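K.L.:
Whatever this is, show me its structure:
(chains A and B)
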There are 2 protein chains.
Amino acid sequence: MVFQSSTYGKVLVLDGVIQLTERDECAYQEMISHLPLCSIPNPKKVLVIGGGDGGVLREVARHSSVEHIDICEIDEMVVTVSKEFFPEVAVGYDDPRVNLLIGDGVAFLKAAPEGSYDAVIVDSSDPIGPAKELFEKPFFESVARALRPGGVVCTQAESIWLHMHIIEDIVSNCRDIFKGSVNYAWTTVPTYPSGVIGFMLCSTDGPTVDFKHPVNPIDKAEDNGTEKRPLKFYNAEIHSAAFCLPSFAKRVIEPKANSS
Amino acid sequence: MVFQSSTYGKVLVLDGVIQLTERDECAYQEMISHLPLCSIPNPKKVLVIGGGDGGVLREVARHSSVEHIDICEIDEMVVTVSKEFFPEVAVGYDDPRVNLLIGDGVAFLKAAPEGSYDAVIVDSSDPIGPAKELFEKPFFESVARALRPGGVVCTQAESIWLHMHIIEDIVSNCRDIFKGSVNYAWTTVPTYPSGVIGFMLCSTDGPTVDFKHPVNPIDKAEDNGTEKRPLKFYNAEIHSAAFCLPSFAKRVIEPKANSS
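P.N.:
Predicted coordinates:
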């Protein structure tokens, strides 16, 4: 469903759940994309699972080092509807580096060649529903296999206010699978339940990735004479701040670090 | 109005606007109290304007350096209702350092002796309505006069997603009045409009206050053998992170610093 709201612009709804609004989509799309891509030097090959609206593509395309972007979306209608009603989001598809595949992300990753991506971004719907598998161990194993050593994944990971039990399971799964670093970050998205959304950021065994201190700044891209719209939400400070958790969440997610 | 909600516990509503819920009041009360009090060494005398529910008192009382807490609340029924329905919030009134005055905060501050407080916390409702005066220059002038040199004020300051024009005016007023530092911070409160709430943090001319780097940690208070409930939300990292603004807000609030 697409509808026009009185104060948040047009709204995209899937299975009864708000996916994006014109007013606040910037926070989600910019954070889920730049948290991983600004954490590694020179990302070249990126895979997006889900994200059929094109907003993540729009953000990934800001990175001039990126040479190729695969996107695997299961629901072609999301792509069609986004192109018709959300041109400022679907603009991501205009980039010539984008290769769209309609299909099941789980199957796609199983078949993907080993070590082929610098970054995987999982822009999924909630774990209760069709995206359930995208939060389970076999999927994370496929992601880890498809990443190069020291490659990174960023997955949508629910709300610290509402879903701490789910988050605890996701963190535990990720700690088992990803042998680099495993971190939780969050940001504000007013139209998502409780007004926040979280992200799991993990890296595979290999060159160390310190997600909390981005090494690949993009803030200045808007000054580079490009014609892209400036970043609305993301900057280097908010990148680092996103990893600072309220105490109630920190006790569950980072129990060992809880003394600070 | 007080009602029992299905997932956020009991809810306190004033003039049709949610003031607090049992589930998420910790974020607001802890942040509006500890952002100012952890930014100065040894706060002793504190004034709370509004805050009749007692939650800010509960948090201020965690600071063992504090010797006296005045609270000026205009609406006695808020105090009565909070004591009846929200005992874990109204517990703040049990502290012997608390001195409750029922009256108009604007008049109280005008009559307050000069330089008498280390910190003033303005826990007000929205600027459209009865609390309008608490966002205007004459009120800020009274606050500045009532603070000691290098004293601090923290005022509720609306949502970056919804009220940037109001915030721009508040920031401008504060820059005119407070000759120390003037900063904007924000945090997540799911049941407030857009799911976030902001705070203005200002200091008067005198010893420098660097709000972004707290000098008076309270995190460890919960280990001190006190019987108080542990902090649910606030910690030193989330204190500093609260001052990191999304780019769209930074361009308005910190235009000169926008190059970083």
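
K.L.:
Test my guess that residue A:108 contacts residue A:71.
P.N.:
No. Applying Cβ atoms under 8 Å as the test, residue A:108 and residue A:71 come out as separate, 9.9 Å apart. The way it works is simple: take the backbone N, C-alpha and C, and place the C-beta from them, glycine included.

K.L.:
Ramachandran coordinates for the nearest residue to residue A:108 once chain neighbours are set aside?
P.N.:
In space, and not counting its chain neighbours, residue A:108 is closest to residue A:72: 4.4 Å by Cβ to Cβ, 6 or more residues apart in numbering or on different chains. Note on residue A:72: its backbone torsions stand at phi -120, psi 110 [degrees, to the nearest 10].

K.L.:
could you list every residue that touches residue A:72?
P.N.:
A:47, A:48, A:49, A:50, A:101, A:102, A:103, A:104, A:105, A:108, A:109 (Cβ atoms under 8 Å, 6 or more residues apart in numbering or on different chains).

K.L.:
Show the buried residues in those.
P.N.:
A:47, A:48, A:49, A:50, A:105, A:108, A:109 (16 or more other Cβ atoms under 10 Å in any protein chain shown).

K.L.:
residues contacting the fourth one?
P.N.:
Applying Cβ under 8 Å, 6+ apart to residue A:50 gives the contacts A:72, A:73, A:74, A:105, A:122, A:123, A:124, A:125, A:131, A:134.

K.L.:
Make TSV from those and add secondary structure and pLDDT to it.
P.N.:
TSV is the format used below for the contacts of residue A:50 (DSSP: H, G, I helix; E, B strand; the rest coil; pLDDT from 0 to 100):
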residue	secondary structure	pLDDT
A:72	strand	97
A:73	strand	97
A:74	coil	95
A:105	helix	94
A:122	strand	97
A:123	strand	96
A:124	coil	89
A:125	coil	84
A:131	coil	83
A:134	helix	89
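
K.L.:
Now for those residues: which two are most distant?
P.N.:
The distance between the two most remote of the contacts of residue A:50 (Cβ to Cβ) is 14.4 Å, for A:72 and A:125.

K.L.:
Under the pLDDT cut-off, which ranges of chain A? List them.
P.N.:
Across chain A, the ranges flagged by pLDDT under 70 are A:219-227, A:257-260.

K.L.:
Taking it, what residue is nearest to chain B?
P.N.:
residue A:195 (1.7 Å; Cβ to the nearest Cβ).

K.L.:
ok, that residue touching residue B:193?
P.N.:
No. Assessed by Cβ under 8 Å, residue A:195 is found out of contact with residue B:193, at 9.3 Å.

K.L.:
if we can go back for a sec, reformat the buried ones among the contacts of residue A:72 into JSON lines and put secondary structure next to each item.
P.N.:
Output for the buried ones among the contacts of residue A:72, formatted as JSON lines (DSSP: H, G, I helix; E, B strand; the rest coil):
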{"residue": "A:47", "secondary structure": "strand"}
{"residue": "A:48", "secondary structure": "strand"}
{"residue": "A:49", "secondary structure": "strand"}
{"residue": "A:50", "secondary structure": "strand"}
{"residue": "A:105", "secondary structure": "helix"}
{"residue": "A:108", "secondary structure": "helix"}
{"residue": "A:109", "secondary structure": "helix"}
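
K.L.:
so what sits against both of residue A:108 and residue A:71?
P.N.:
Counting by Cβ under 8 Å, 6+ apart, the residues touching both residue A:108 and residue A:71 are A:49, A:101.

K.L.:
and the gap between residue A:118 and residue A:178?
P.N.:
Residue A:118 is 15 Å from residue A:178, where distance means Cβ to Cβ, to the nearest Å.

K.L.:
got the residues of chain A near chain B?
P.N.:
Taking Cβ under 8 Å from any Cβ of the partner chain as the contact definition, chain A meets chain B at A:23-24, A:26-27, A:161, A:188-190, A:194-196, A:219, A:230-238, A:240-242, A:244-248, A:250, A:260.

K.L.:
and the residues you listed, which are buried?
P.N.:
Buried residues within the residues of chain A next to chain B, counting neighbours by 16+ other Cβ under 10 Å: A:23-24, A:26-27, A:161, A:188-190, A:194-196, A:219, A:231-238, A:240-242, A:244-248, A:250.

K.L.:
Show only the entries of those found in helices.
P.N.:
With helices taken from DSSP state H, the overlap with these comprises A:26, A:27, A:236, A:237, A:238, A:240, A:241, A:247, A:248, A:250.

K.L.:
which two of those residues lie the greatest distance from each other?
P.N.:
Spatial extent of these (Cβ to Cβ) is set by the pair A:26 and A:247 at 28.4 Å.

K.L.:
list the buried ones in stretch A:149-156?
P.N.:
A:150, A:151, A:152, A:153, A:154, A:155, A:156.

K.L.:
can you check stretch A:203-212 too?
P.N.:
Residues A:203, A:204, A:209, A:211, A:212 are the ones in stretch A:203-212 that count as buried (16+ other Cβ under 10 Å).

K.L.:
Residues in a beta bridge with the nearest residue to the second one once chain neighbours are set aside, which ones?
P.N.:
Translated: residue A:204. Counting by Cβ to Cβ, 6+ apart, the nearest residue to residue A:204 once its immediate chain neighbours are dropped is residue A:147, at 4.8 Å. Taking DSSP bridges as the rule, residue A:147 bridges to residue A:117.

K.L.:
neighbours around residue A:147, how many?
P.N.:
Look at residue A:147: counted by other Cβ atoms under 10 Å in any protein chain shown, it has 28 neighbours.

K.L.:
Can you name the residues that contact it?
P.N.:
So residue A:147 contacts A:115, A:117, A:118, A:119, A:120, A:153, A:204 (Cβ under 8 Å, 6+ apart).

K.L.:
do the same with residue A:116
P.N.:
Residue A:116 makes contact with A:45, A:146, A:148, according to Cβ under 8 Å, 6+ apart.

K.L.:
pretty sure residue A:191 contacts residue A:24?
P.N.:
Yes. Between residue A:191 and residue A:24 there is a contact under Cβ under 8 Å: 5.7 Å.

K.L.:
Quickly list what's touching both of those two.
P.N.:
Counting by Cβ under 8 Å, 6+ apart, the residues touching both residue A:191 and residue A:24 are residue A:8.

K.L.:
Helices of the stretch 1-150 of chain A, start to end?
P.N.:
Assigned by DSSP state H, counting those that start in this stretch, the helices in the stretch 1-150 of chain A fall at A:25-37, A:55-60, A:76-85, A:87-90, A:105-111, A:137-146.

K.L.:
Any chance of a markdown table for these, columns distance to residue B:58?
P.N.:
Formatted as a markdown table, those follow (distance: least, Cβ to Cβ, whole Å):
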| stretch | distance to residue B:58 |
| --- | --- |
| helix A:25-37 | 32 |
| helix A:55-60 | 42 |
| helix A:76-85 | 47 |
| helix A:87-90 | 44 |
| helix A:105-111 | 47 |
| helix A:137-146 | 42 |
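
K.L.:
Can you tell me which of those helices is nearest to residue B:97?
P.N.:
Here helix A:25-37 is closest among the helices of the stretch 1-150 of chain A (Cβ to Cβ), at 40.7 Å.

K.L.:
Can you tell me which helices and strands the closest one packs against?
P.N.:
Secondary-structure packing of helix A:25-37 (3 or more Cβ pairs under 8 Å, 6 or more residues apart in numbering or on different chains; DSSP states H and E): helix A:55-60, strand A:117-123, strand A:147-156, strand A:182-188, strand A:196-203, helix A:236-241.
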